[in-house]
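Colleague: dropping the sequence and predicted coords here.
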Amino acid sequence: MKLLKPIIVLIATIAILAWALPNVDYSNYITLIMAGIVLTLLEKVMKPILKFLFLPINVATLGFFSIIINVFILWLVTYLVPGFNIQPMIILGLRLNQFFTLLFVSTLIAFFQNIVSFIL
């Protein structure tokens, strides 16, 4: 039961982002649910391990390496869940590569995750 709320929050967050951004896409609702489950599991299991392993780098960069870990986890979800895609995007005429697009979407996921979690 402890994992159910974060999974629901992430599914709602991904659905909101897919509706709002043309570069975030999932093929069907099963893919959406799988992306939410995989992202939740990676955030709960893999993220603490990566933060511990890269603790010296994270301390040296004053916590900014956590952003790289978030981007890596989001990229891993797009790799592991077929049908869930995040394509490079253009913001204000500036074409972002895959890394900066994932960084932007990761930031939006964190923002909307907080809002949806507050509502639920």
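Modeller: Received, thanks.

Colleague: low-confidence ranges, the protein, go.
Modeller: Residue ranges of the chain with pLDDT under 70: 1.

Colleague: hmm, try it at 80
Modeller: Across the chain, residues meeting the criterion (pLDDT under 80) sit at 1-3, 116-117, 120.

Colleague: which residues does T107 contact?
Modeller: Residues near T107 by CB atoms under 8 Å, 6 or more residues apart in numbering: none. (Glycine included, C-beta is placed from N, CA and C.)

Colleague: in the helix or strand that contains it, what counts as buried?
Modeller: According to DSSP states H and E, T107 maps onto helix 98-119. Buried positions in helix 98-119, judged by neighbour count with 16 or more other CB atoms under 10 Å: 101-106, 108-109, 112-113, 116.

Colleague: grab the nearest non-local neighbour of N58.
Modeller: Excluding the flanking residues, the one nearest N58 by CB to CB, 6 or more residues apart in numbering is F65, at 4.3 Å.

Colleague: doesn't F54 make contact with the one you found?
Modeller: Yes. Judged on CB atoms under 8 Å, F65 makes contact with F54 at a distance of 5.7 Å.

Colleague: coming back round to it: how many neighbours does the residue nearest to N58 have?
Modeller: Around F65 there are 18 other residues, counting by other CB atoms under 10 Å.
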